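# 3D model of this:
(one chain, ligands or ions: 1)
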Amino acid sequence: MEPITFQAAEKRSAELRDELNQYAHEYYVQDQPSVEDFVYDKKYQELVEIETEYPDLITPESPTQRVGGIVLEGFEKVVHDIPLYSLNDVFSKEELIAFDERVKKAVGHPVSYCCELKIDGLSISLKYEQGVFVQGATRGDGTVGENITENLKTVKSIPLRLKEPLSIEVRGECYMPKASFVKLNKQREEDGKEVFANPRNAAAGSLRQLDTRVAAKRNLSTFLYTLADFGPLESTTQDHALNEMSRLGFRTNPEHRVCETIDEVWEYIENFHETRDELSYEIDGIVIKVNEFDLQDELGFTVKAPRWATAYKFPPEEAQTTLLDIDWT
Ligand SMILES: NC(=O)c1cnc(OC2CCCC2)nc1N
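Numbering: from 1, shown residues only. Coordinates of the predicted model:
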């Protein structure tokens, strides 16, 4: 390609960055690619050539920054301004009904619930300043986590810049899709390496890598589910917050549903208990949250968990076809 002037390179690289980030958003966040891979690859190659010629044109959100390439000494500690709470679990319909009774007694009237699949991955917290991804951390003990920003930058579904210049913090799950888990373990077996016990461990092991190029190759993904620091956003319900996070460019789980009664919640639980093997990711239950944020505030927290949420845990899968038995190709 004939060398181009800096001005032409500046304009062209900005066009390519926006175009490639839009293609990546459609592919990794919306699961609806609008172009074939070779179209993306060709434009990506052009951007690499321009950035190689003019390194000053590289920006934090350039798609070329997703491949990793630094080896960290270790992970710094991060103190979470807003704690990441855990959930009180329930294991039966009776316990779920008791949860609903406690909530109704405390607020004095029936409430609607936002039901979400309980993704079996690693809890992460993402901080943005004026729309730019500035820090990613593990949950840790809920108050102190580890700074894994460099590894999370390689996770393609995590936006490096939001659609609006907001300063917010969101939380969610980083997970490894079942098909990627099977492929990784087959490769590790061939390489004589120890295999991962489950996708959650594989995701955790990938994010604990000090060499970011390793994390970049592990095909990790995310579902975000908590608006922690709202910034200027004004969601009043969990369901609305999920829709806002999706609008801002985050990947959220499409199966969330508002249920008006605990019976509807139970229907939702039974449905996904039966069909979860069809999902491309592992879930270990259902998270049920009081939908209205003002009622969540009224209910508050115990020492470790919100009074306004519970997790219905599925019984461990006995004699279930294991992931390795299923042909994921
Ligand atoms: N694994 C999940 O999919 C998941 C985990 N946690 C939460 O909510 C937090 C927010 C307040 C307490 C728990 N939602 C989820 N969907």
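# gap between residue 17 and the ligand?
32 Å (C-beta to the nearest ligand atom, to the nearest Å). All C-beta atoms are positioned from the backbone trio N, CA, C, and that covers glycine.
# need the contact list for that residue.
Counting by C-beta atoms under 8 Å, 6 or more residues apart in numbering, residue 17 makes contact with 47, 59, 61-63.
# any idea of the pLDDT on it?
According to the model's per-residue confidence, residue 17 sits at a pLDDT of 97.
# please give me every residue in contact with residue 114.
By C-beta under 8 Å, 6+ apart, the contact set of residue 114 is 237-239, 242, 256-259, 288-291.
# same thing but at 7 Å, please
Under the criterion of C-beta atoms under 7 Å, 6 or more residues apart in numbering, the neighbours of residue 114 are 238-239, 256, 258, 289, 291.
# swap in residue 303?
Neighbour list for residue 303: empty [criterion: C-beta under 7 Å, 6+ apart].
# so it: helix, strand or coil?
Each residue gets one of three states, and residue 303 gets coil by DSSP: H, G, I helix; E, B strand; the rest coil.
# residue 42 sits in which helix or strand?
Residue 42 belongs to helix 37-53 when elements are defined using DSSP states H and E.
# quick one: distance of whatever helix or strand comes next after that helix to the chain centre.
Using DSSP H and E, the helix or strand that follows helix 37-53 in sequence is strand 77-79. Here strand 77-79 is found 19 Å from its chain centre; the criterion is C-alpha atoms, centre = their mean, to the nearest Å.
# enumerate the residues of the stretch 101-250 of the chain near the ligand.
By C-beta under 6 Å from any ligand atom, the residues of the stretch 101-250 of the chain that approach the ligand are 116, 118-119, 173, 225-226.
# quick one: which of those residues sit in strands?
Of the positions in these, 116, 118-119, 173, 225-226 sit in strands, assigned by DSSP state E.
# tell me the contacts of residue 273?
Here residue 273 is in contact with residue 314 (C-beta under 7 Å, 6+ apart).
# neighbours of residue 146, how many?
Taking other C-beta atoms under 10 Å as the criterion, the count of residues near residue 146 is 18.
# can you give me the pLDDT of it?
Residue 146 is assigned a predicted lDDT (pLDDT) of 97.
# where in the stretch 151-300 of the chain is pLDDT low?
When residues are selected by pLDDT under 70, none of them lie in the stretch 151-300 of the chain.
# separation between residue 267 and residue 242?
According to C-beta to C-beta, to the nearest Å, residue 267 and residue 242 sit 20 Å apart.
# what about these two, which has more around it?
With other C-beta under 10 Å as the criterion, residue 267 and residue 242 differ in neighbour count, and residue 242 comes out ahead with 23 against 14.
# nearest residue to that one other than its sequence neighbours?
Ranked by C-beta to C-beta, 6 or more residues apart in numbering and with sequence neighbours excluded, the top spatial neighbour of residue 242 is residue 252, at 5.0 Å.
# which residue is nearest the middle of the chain?
Geometric centre of the chain, nearest residue: residue 222, 2.3 Å, by C-alpha atoms, centre = their mean.
# partner strands of the helix or strand containing that one, with direction?
The secondary structure element spanning residue 222 is strand 221-229 (assigned by DSSP H and E). Based on DSSP bridges, the strands next to strand 221-229 in the sheet, each with its direction, are strand 168-175 (antiparallel).
# so how far is the strand it pairs with from its chain's centroid?
5 Å.
# name the residues that touch that strand?
In this structure, residues lying in contact with strand 168-175 by C-beta under 7 Å, 6+ apart are 84, 119-128, 155, 199, 203, 207, 220-231, 233, 245, 250, 281.
# any of these buried? List them.
Members of those that pass the buried threshold by neighbour count (16 or more other C-beta atoms under 10 Å) are listed as 84, 119-128, 155, 199, 203, 207, 220-229, 231, 233, 245, 250, 281.
# hmm, back to that, quick one: buried ones out of the contacts of residue 114?
When those are checked against 16+ other C-beta under 10 Å, the ones flagged as buried are 238-239, 256, 289, 291.
# give me the subset of these that lies in strands.
The members of the buried ones among the contacts of residue 114 that map onto strands under DSSP E are residue 289.
# nearest to residue 110, of the buried ones among the contacts of residue 114?
Residue 110 has its nearest neighbour among the buried ones among the contacts of residue 114 in residue 291, at 11.6 Å by C-beta to C-beta.
# could you check how far that closest one is from residue 155?
The separation that residue 291 has from residue 155, given C-beta to C-beta, amounts to 28 Å.
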